[in-house]
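A.B. asks: What follows is a predicted protein model with its sequence.
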Amino acid sequence: MTALAGRVGIVTGGASGIGRATAVALAGEGAQVVVADVDRDGLDATVAAVAEVAPAGAGAYPVVADVGVEADAAGLAGAAVERYGRIDVLVAAAGILRAPGSPPRTLWATAPDEWDAVIATNLRGTFLCDRAVLDTMIGQRSGSIVNISSVSGRVGRAYDSAYCASKFGVIGLSESLREEVQQYNVRVNVVLPDAVATPFWDQNGPLPRPAAALDPARVADLIVYLVTLPEDTILLDPVIAPFRSRRRRRAPAEREEH
Amino acid sequence: MTRDSVLAGQVAVVTGASAGIGAATSRALAASGARVLAVGRDTSRLAAVVRACSTRSSARSLVADARSATSAAAIAGTALDAWGRIDILVCCAGILAAAGGGPAPVASLPVAHWDEVIATNLRGTYLANRAVLPTMIAQGRGQIVNVASVAGLAGHAYESAYCASKAGVIGMTEALAAEAAPHGVRVQALVPGAVDTTIWDQAGLIPRPRHMLDPERVAAAILGLLRLPDSATLGTAVMAPAAAPEQARAR
């Protein structure tokens, strides 16, 4: 369980959900992990959860940061380099379904500040954090970035226009960046989870939760797998979904005619 | 093109109308008898487009910046004041790179340049769509075509913001299409491959593709989407030069 011994990771959105599970999984494999979030209490809980599984030489270091703020993203990379001297893995898991306190709305009822909040965290935040670690990874001639998109990054759905736009955008960004940095041995992954059982769904208010949702630990397992693959291999844009989901969302190419 | 029974008399708003796909679409709509509000940033080029449109139909221009919510509201207001309704919105306003910028890797792309591309292409499309929808819903009828790009289907190096913005336009369009359909409003995206417009002036050292679509061909495709019977949608329609069908592939 020490496939990542001596490695340094950054996980955004680390206070809950996929981010917390990923921090625990990376540290469990021996990595030092800088965990970032806007939620200080959640970060502390993640640090405690990491402490339970981390072998000697591994652990979690919390940084309160808003990924949509350029200085915060830069500070995150700076903290990792200052503390641990390198950055091997970035998992950009910070994401919101909608602006704080906003119910699901149609596009025409979505106010510009609600739209902007989602794009700022999910799309701009991913851009800023990716950008912040690149100098270090390019200098090292090694590194793995894992951006978290969604099945909603492949198929748009009603009442989530800003979220879908942001997650489509994360795929576009990831594909562009992948082509730019492969020459430096930096690998850019993008993962498309279906429904995951996280506090994320609280943002949907009274709407019913998905009937089937993955344990975030399964997504974390996939991320560990991606970043420990031999350097000559990448899994392109994997979709991870509950096996027994009744309505599995399909890629556009597989959609049937209605 | 001649006046046709489907588009004649309809009120159409076209953003990005001062050049390229937007200018060609404005002219094609006017030639089909639609009344056109041409929206763009370049006053003199916009005036030339409106002059061309006015020989065929009623046309007006509005100098406005797609990135501003106030502008978006003004766009809808201008069309309503002039003609009392809005039947069609075609969103063509888009940039490849920030003013003074060009192709750049993510690692060195200035954040302000990223923001300018996202603000124009993605936020601008959202704002214009949002501005016309209450009118279309009240009418129980209307249609929108958002112009994306094959760069939104498959990202490529040195144009991350453009690729992200155009992917976002496709996602937003799919979400909105589902929301608006029950109100009788059809929302489609046209996803063209390389088009021979001035946008390539922003491409720096990136070579122009050997095969490109004429903007007039793209405009004709947009009119094709608009002329579809009410009972059908093409959703996101991909278009590429016949000589380069590989441009239409996602990867």
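C.D. replies: Looks like it came in fine. Quantities reported herein were computed from a predicted structural model and do not represent experimental measurements.
A.B. asks: Would you mind finding the longest helix in the chain?
C.D. replies: Using chain A. Criterion DSSP state H: the longest helix present in chain A is helix A:161-181.
A.B. asks: Not quite, go with chain B.
C.D. replies: helix B:160-180.
A.B. asks: Off-centre distance for that one?
C.D. replies: The chain centroid and the centroid of helix B:160-180 are separated by 12 Å under C-alpha atoms, centre = their mean, to the nearest Å.
A.B. asks: thinking again about what came up before, packing partners for the longest helix of chain A?
C.D. replies: Helices and strands touching helix A:161-181, by 3 or more C-beta pairs under 8 Å, 6 or more residues apart in numbering or on different chains; DSSP states H and E, are helix A:112-119, helix A:125-140, strand A:143-148, strand A:186-193, helix B:124-139, helix B:160-180. (C-beta placed from N, C-alpha, C; glycine too.)
A.B. asks: can the very next helix or strand once past the fifth one be found next to chain A?
C.D. replies: Towards the C-terminus, the helix or strand next in line after helix B:124-139, according to DSSP states H and E, is strand B:142-147. No - interface with chain A: strand B:142-147 contributes nothing (C-beta under 8 Å from any C-beta of the partner chain), its closest point being 10.3 Å away.
A.B. asks: Given strand B:142-147, what are its sheet partners and their directions?
C.D. replies: strand B:88-91 (parallel), strand B:185-192 (parallel) (DSSP bridges).
A.B. asks: Adding distance to A:A162 and mean neighbour count, write those out as TSV.
C.D. replies: As requested, the strands paired with strand B:142-147 are exported to TSV (distance: least, C-beta to C-beta, whole Å; neighbours: other C-beta atoms under 10 Å in any protein chain shown):
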stretch	distance to A:A162	mean neighbour count
strand B:88-91	16	29
strand B:185-192	15	25
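A.B. asks: Please read off the pLDDT at the residue nearest to A:V224 when sequence neighbours are not counted from the model.
C.D. replies: In space, and not counting its chain neighbours, A:V224 is closest to A:A25: 5.0 Å by C-beta to C-beta, 6 or more residues apart in numbering or on different chains. A:A25 is assigned 98 on the pLDDT scale.
A.B. asks: now B:R56
C.D. replies: At B:R56, the pLDDT recorded in the model is 89.
A.B. asks: In which helix or strand does the spatially closest residue to it that is not a sequence neighbour reside?
C.D. replies: Using C-beta to C-beta, 6+ apart and skipping the chain neighbours, the partner closest in space to B:R56 is B:A30 (4.4 Å). Here B:A30, judged by DSSP H and E, is contained in helix B:20-31.
A.B. asks: Check which helices and strands that helix sits against.
C.D. replies: Using 3+ C-beta pairs under 8 Å, 6+ apart, helix B:20-31 sits against strand B:11-15, strand B:35-40, helix B:43-54, strand B:88-91, helix B:215-227.
A.B. asks: Let's have these in CSV, adding distance to A:V118.
C.D. replies: Shown next, in CSV, are the helices and strands packed on helix B:20-31 (distance: least, C-beta to C-beta, whole Å):
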stretch, distance to A:V118
strand B:11-15, 22
strand B:35-40, 26
helix B:43-54, 32
strand B:88-91, 20
helix B:215-227, 28
